[in-house]
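S.K.: 3D, please:
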Amino acid sequence: MRYRSRVTAPAAALIGTAAVLAGGNTARADTADTAAAKGGGGVPAPETLGDPVFPALGNDGYRVASYHLDFSYDATTTLVDAEATLELRTTQALTRLSLDALGLDIHTVRVDGRDAAFEQVGEKLRITPTRPLPARARVTVCVTYTADPRRLPLPHTAWVPTPDGFAICPQPDAAHTVFPCNDHPSDKADFTFRITVPAGLRGVANGSLVRTEHLAGDRIAYSYRSRRPMATELAQITVGDYVVKQRQGPHGLPLRDVVPTARAEALEPALALTPGLVEWIEARLGAYPFETYGLLPCNSDDPKAFDFTGLETQTLTLYKPNYLLQAEPKIGSHMMHELVHSYFGNSVSPASWADLWLNEGHADFYGLLYRYERGWTDSLGYSTFEDRMKYTYALGDQWRHTSGPVAAPNAVNLFDNQRYTGGVLVLYALRQLIGEDAFHTVERTFLARHRDSSASTDDYIAVASRTCGPDVSGFLRDWLYGTTTPRMPGHPDWTVTPVPPSLAVPRQRTGARPHDNSATL
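M.R.: Residues are numbered from 1 along each chain as shown. Have a look, this model is predicted:
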């Protein structure tokens, strides 16, 4: 979960910024591309996947099968020398393809072992191979570059600098400030990582540690592999003075926490909660979908380090460390929220960013259930799920007016509470309509059908309609896309508060303003 509202910079401004960042590391692609096009060997790939929230994000003409990221961190300069190797498959004949990339000093690009011309324009790295790529070809693209985790200014960045290294927070559209990629959750791929650091520091990434190498110069390389496909926005790479704490979860599930060495003892009470959390959610959603899970309390107390409390990166949830120092009733509900993202958001990723409610609505839904089952009062003073939903229901028309329908966000209001508690209200209404047993069947069927893939709001509606008996497509579309709040099944007495005159004209946000909208906080 990321809590942020940010107005995306105009395209012209981004192009100007990226042109400065590219500096002298630009190889002109015009001549090679023109020659290839004249030869009839294909066309330049489209530089967008048409996302309704971030229309410039992602690239078409190919799909990525795997990423291998090789990072070498220099503690003296705090720079990262990196090599990103992408295995991809073209979906059409191409004279040129592009990757998303911003703020990276690109040194070389090779396509199938041959040097390729490239240029950085806006947030795109355009690559022109020496010969056109045929359709359905397997292609290897290798990019060498240098990244500065502290680089400013950038329109947005995933880097989180720390006193002893860095972490990354790529969601929703910033993975390409860390590595060149097809930065869209619909194009999931396999990931491997190799992180080289000075002795005394540790490099950590998603998945499982598969190799440790002791190198010359008192340096150590850590290699990781994620055993399940992953969206770029779920990548995690961190370097710092960390200790890795191992424990066992239900059914022998390996749990690993990556903890600042100086805080390991203080954070242990929070970390020890994870096995019980996993057991609770498995009883409702089925077996945990990945090879490991754990927490990464980032080694930074800077309140500006990142603008969220927790962030779901696959197999490893990033947290502000001080948050986890609180008592269980203060943090348990939110820890459940982040764990639920392993199912909704990670195992099943959104097909587009307009489908974010599937992630956040489900995470809040089960996080609240967990809270109220334990008798913990929420931040508004409510102690039952029904009372919180009645309160939320009353706000329905106001939220639809200021933040749009639940499944129709834009880049400004993407992380508003409409995607969080508003999404919970939709799920609550569905459960009220079809009953608890049918609702659980819908949830598990959806997760099983789209595991290791991406799914849309339409996909969820289709599963619900085919699974629970009656066709609920019209019901769900009214709740997800309607401009007014439908009646709540089972609660004819619940009323919606009219939109006040002060909100007659929706206010436009004018800049980034961090905010926490999860009901589990």
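S.K.: could you pull out the helices for the stretch 251-400 of the chain?
M.R.: Using DSSP state H, counting those that start in this stretch, the helices of the stretch 251-400 of the chain run over 264-271, 274-285, 328-340, 356-373, 385-394, 396-403.
S.K.: what do you get for the chain?
M.R.: Listed in chain order, the helices of the chain (DSSP state H) span 11-22, 30-38, 264-271, 274-285, 328-340, 356-373, 385-394, 396-403, 417-434, 436-449, 457-467, 473-481.
S.K.: wait, Asp218 sits on Ala199?
M.R.: Yes. In this structure Asp218 lies within contact range of Ala199 using CB atoms under 8 Å: 4.6 Å. (Glycine included, C-beta is placed from N, CA and C.)
S.K.: how far away is Tyr343 from Asp452?
M.R.: In this structure, Tyr343 and Asp452 are 12 Å apart, going by CB to CB, to the nearest Å.
S.K.: of those two, which one has the most company?
M.R.: Between Tyr343 and Asp452, counted using other CB atoms under 10 Å, Tyr343 has the larger neighbour count: 26 against 14.
S.K.: hang on, the more buried one packs against Leu358?
M.R.: No. When contacts are counted by CB under 8 Å, Tyr343 is not listed as touching Leu358 (10.4 Å).
S.K.: the helices of the chain: which one's closest to Val244?
M.R.: helix 264-271 (9.9 Å; CB to CB).
S.K.: buried residues in that closest one, which are they?
M.R.: Ala264, Leu267, Ala270, Leu271 (16 or more other CB atoms under 10 Å).
S.K.: what helices or strands is that helix leaning on?
M.R.: Applying 3 or more CB pairs under 8 Å, 6 or more residues apart in numbering; DSSP states H and E, one finds that helix 264-271 contacts strand 242-248, strand 254-260, strand 295-297, helix 328-340.
S.K.: residue contacts, Ser342?
M.R.: Tyr288, Pro289, Phe290, Tyr293, Glu312, Gln314, Thr315 (CB atoms under 8 Å, 6 or more residues apart in numbering).
S.K.: nearest to Leu94 among these?
M.R.: For the contacts of Ser342, the nearest to Leu94 is Gln314 (29.3 Å; CB to CB).
S.K.: which of the helices and strands packed on helix 264-271 sits closest to Tyr460?
M.R.: Comparing the helices and strands packed on helix 264-271 under CB to CB, the one sitting nearest is helix 328-340, at 15.1 Å.
S.K.: and of the contacts of Ser342, the nearest to Leu86?
M.R.: Looking across these and measuring by CB to CB, the closest to Leu86 is Gln314, at 18.0 Å.
S.K.: ok, the closest one - contacts?
M.R.: With CB under 8 Å, 6+ apart, Gln314 has these contacts: Asn206, Gly207, Ser226, Arg228, Met230, Ala231, Leu234, Ala235, Gln236, Phe290, Ser342, Asn346.
S.K.: number of residues surrounding Pro260?
M.R.: Pro260: 21 neighbours (other CB under 10 Å).
S.K.: and it, how close does it get to Asp397?
M.R.: 45 Å.
S.K.: Gly423 too?
M.R.: 16 Å.
S.K.: more neighbours: these two, which one.
M.R.: Comparing Gly423 with Asp397 by other CB under 10 Å, the one with more neighbours is Gly423, at 26 against 18.
S.K.: show the contacting residues for that one.
M.R.: Trp357, Leu358, Glu360, Gly361, His362, Asp364, Phe365, Val406.
S.K.: neighbour count, distance to Ser186 and pLDDT added to the residues you listed, as CSV?
M.R.: CSV is the format used below for those (neighbours: other CB atoms under 10 Å; distance: CB to CB, whole Å; pLDDT from 0 to 100):
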residue, neighbour count, distance to Ser186, pLDDT
Trp357, 27, 16, 98
Leu358, 27, 13, 98
Glu360, 30, 18, 97
Gly361, 24, 19, 98
His362, 25, 19, 98
Asp364, 31, 23, 98
Phe365, 26, 24, 98
Val406, 26, 20, 98
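S.K.: for the stretch 151-300 of the chain, just list every one of the strands.
M.R.: 159-162, 165-168, 189-198, 202-205, 208-215, 219-230, 237-240, 242-248, 254-260, 295-297 (DSSP state E, counting those that start in this stretch).
S.K.: just the pLDDT for Ala438.
M.R.: Looking at Ala438, its pLDDT stands at 96.
S.K.: test my guess that it contacts Thr467.
M.R.: Yes. Counting by CB under 8 Å, Ala438 does reach Thr467; the two are 7.4 Å apart.
S.K.: pLDDT below threshold where in the stretch 401-521 of the chain?
M.R.: 504-516 (pLDDT under 70).
S.K.: ok, 80 please
M.R.: When residues are selected by pLDDT under 80, those of the stretch 401-521 of the chain lie in 502-516.
S.K.: alright, that wraps it up for me.
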